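1. kindly generate the corresponding structure for this input.
(one chain, ligands or ions: 2)
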Amino acid sequence: MDQNENDDNFMKIFKYYKSNKPKPSMENVLSVEDKNHVEKVVPLIGNSLSDNRTEFLGLKNFQSWQLYSFPGHPGLFLIRNPFTGIGQRYWIRKCLEEYPRKPNITNIDIEVVIDDWWRECYIDGTCNRQLLKKLRWTTLGYHHNWDTKVYSDNNRTTFPEDLAELSDVVASYLEYSGYKAEAAIVNYYHMKSTLSAHTDHSEVNLQAPLFSFSFGQSAIFLLGGQEKSTVPSAILVQSGDILIMSQQARVCYHAVPKILPAKSSPWDYDSKVLIDNEMPTFKYIKSPKNLISSLNCNTDDKIWSKYRDYVRESRINMNVRQVLNENQTNLADPVFIDK
Ligand code: OGA
Ligand code: MN
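-> Ligands and ions are numbered 1, 2, ... in the order given. Predicted coordinates:
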């Protein structure tokens with residue numbers, strides 16, 4: 001059967017940006033800092049009310065956040081690195097040290113089940129680089145089933161409190177009510193890694209936005225339409241950036257054809273200690289004291305050097321989703337739709 005030649009427009013652009021020889025031009029890559037694309041990347045005014053949880057989650061005040069929309073892609077938004085230096089360190093470290101631990105699931109489990117990947121990488125004092133490079137993803141909460149793409153109540157573990165709280169703060173900034181982080185894929189990319197074109201449609205609730213947090217090295221992110229024939233836009237995503245995929249953009253094809261060296265290392269800026277006076281009320285975090293100490297222990301450059309070494313040649317992406325409808329507590333619950 002003849003395929004329409006437009007069918008693979010997404011693939012053509014993917015291959016263009018993936019290529020090393022010849023190197024792709026960055027001219028059409030949308031960057032929020034580049035004034036050459038003012039009609040394609042438009043700054044918006046976000047919620048300027050403050051949320052007293054921000055600094056305890058490694059975030060700057062809402063007042064200094066920069067929010068952008070993409071007129072060619074309704075529902076797609078980008079918040080340009082709202083993290084503090086210590087905040088970047090906190091989340092990078094969580095993705096390496098804590099999230100890959102059991103009972104969470106990683107790609108390595110298929111080969112050999114490791115309880116604590118990061119610890120195992122450094123078990124004899126030196127770095128096991130082979131094992132370090134093996135980690136490609138970790139799943140949290142409702143564990144994504146890569147084969148069936150179906151979530152199951154039988155394959156669900158506790159979603160990390162801190163990531164639920166972070167997602168809740170982002171949802172409150174964007175004025176999404178009723179948002180709940182219930183599943184996440186943490187992706188680990190090396191300089192030559194790519195993520196091919198896909199849509200994320202396993203969630204029962206496709207009305208809820210998807211939050212995508214990136215740290216470490218930069219990436220070219222492609223967002224197309226609901227068919228692969230749509231020519232995708234290329235967007236530069238840098239450490240600390242949060243991409244929000246909502247409405248139409250939530251169900252569009254997307255991919256990561258290339259990892260690029262970061263222009264700076266924001267995880268090495270302003271790593272100042274936080275004081276635990278006047279703790280805010282958290283929705284998910286049960287032990288705010290522990291949160292403060294896990295933030296503050298990252299100010300020690302020596303302790304932090306292992307994580308720095310990792311992130312110097314990797315990109316980490318926390319891809320957070322709401323799975324259920326607002327009135328469900330698990331997949332078996334009936335769905336009531338208010339009309
Ligand atoms: C995903 C995804 C994009 C990224 O995990 O589904 O699309 O930026 N990740 O890594
Ligand atoms: Mn995706």
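2. CA atoms for contacts and neighbours, from now on please.
-> Fine.
3. burial of the closest residue to Tyr16 other than its chain neighbours, as a residue count?
-> Sequence neighbours aside, Pro24 is the residue nearest to Tyr16 in space, at 6.3 Å (criterion: Cα to Cα, 6 or more residues apart in numbering). Pro24: 16 surrounding residues under other Cα atoms under 10 Å.
4. residues touching Pro24, list them.
-> Shown in contact with Pro24 (Cα atoms under 8 Å, 6 or more residues apart in numbering): 16-18.
5. restricted to helices, list these.
-> Counting by DSSP state H, the part of those found in helices is 16-18.
6. follow-up on the earlier one: which of the contacts of Pro24 has the most neighbours?
-> Per-residue neighbour counts (other Cα under 10 Å) across these peak at Tyr17, which has 22 neighbours.
7. quick one: the helices in the stretch 101-250 of the chain?
-> Here the stretch 101-250 of the chain has its helices, by DSSP state H, counting those that start in this stretch, at 117-121, 129-134, 161-173.
8. list of residues touching the second one?
-> Outside of helix 129-134, the residues within contact range by Cα under 8 Å, 6+ apart are 108, 118, 121, 190.
9. include pLDDT when you put these into TSV, please.
-> Shown next, in TSV, are those (pLDDT from 0 to 100):
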residue	pLDDT
Ile108	98
Trp118	98
Cys121	98
His190	98
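10. got the residues of the stretch 151-300 of the chain near ligand 1?
-> Within the stretch 151-300 of the chain, the positions adjacent to ligand 1 are 185, 187 by Cα under 6 Å from any ligand atom.
11. where do the strands sit along the stretch 151-300 of the chain?
-> Assigned by DSSP state E, counting those that start in this stretch, the strands in the stretch 151-300 of the chain fall at 183-190, 195-198, 210-216, 218-223, 233-237, 242-245, 254-260.
12. what helices or strands is the helix or strand bottoming out on mean pLDDT in the chain leaning on?
-> Ranking every helix and strand in the chain by mean pLDDT, DSSP states H and E puts helix 288-296 at the bottom, with a mean of 91. When contacts are defined as 3 or more Cα pairs under 8 Å, 6 or more residues apart in numbering; DSSP states H and E, helix 288-296 sits against helix 85-93.
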